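K.L.:
I'll drop the sequence and a predicted model, then ask my questions.
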Amino acid sequence: GKKSLRQKVVDELKHYYDGFHLLWTDTKVAARMVWRLLHGQVLTRRERRRLLRTCADLFRLVPFLVFVIVPFMEFLLPVFLKLFPDMLPSTFETESKREEKQKKKLNAKLELAKFLRETIAEMAKRNKADTG
């Protein structure tokens, strides 16, 4: 059914609380990774990707905090998110946004595979014509 205004506000507050909590956890893990790097240990590829994502999230947090701190600026947040979709840290993404991003990546990969397949078929035809 349709949610009341109070329930929508509570859901949004929970979403942002969870996002900040996840970001805090990621930051603590990243700090441990940086400590390990400073002491000469090597990170795995997975750890390196997580460290880079967390650093990028922390840099994205700065403009996001402006919307949280300045009074009534949060009403403009949807407009800015429409203009700059990657402005929010990754911990604040909803499941639907994550799925939409994955669909776009998959479609791009499929288009690239189709293009490469057609290119290879064309090259094979040319080689056959040249040798025949």
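P.N.:
Yep, that arrived.

K.L.:
quick one: contacts for R32?
P.N.:
The contact partners of R32, by C-beta atoms under 8 Å, 6 or more residues apart in numbering, come to none. Placement of C-beta: from N, CA and C, glycine included.

K.L.:
cool, and L43?
P.N.:
Contact partners of L43, counting by C-beta under 8 Å, 6+ apart, are 33, 36-37, 51.

K.L.:
ditto for T27
P.N.:
T27 makes contacts with 54, 58, as judged by C-beta under 8 Å, 6+ apart.

K.L.:
Need the per-residue pLDDT for it.
P.N.:
Note on T27: pLDDT of 95.

K.L.:
Could you name the specific helix or strand carrying it?
P.N.:
Assigned by DSSP states H and E, T27 falls within helix 5-38.

K.L.:
For that helix, buried residues please.
P.N.:
Neighbour-count burial for helix 5-38 flags 19, 23, 26-27, 30, 33 (criterion: 16 or more other C-beta atoms under 10 Å).

K.L.:
thinking again about what came up before, now for the contacts of L43: which two are most distant?
P.N.:
R36 and L51 (10.0 Å; C-beta to C-beta).

K.L.:
how close does the most centrally placed residue in the chain get to L58?
P.N.:
By C-alpha atoms, centre = their mean, the chain has its centre lying nearest to S90, at 4.8 Å. When distance is defined by C-beta to C-beta, to the nearest Å, S90 is 11 Å away from L58.
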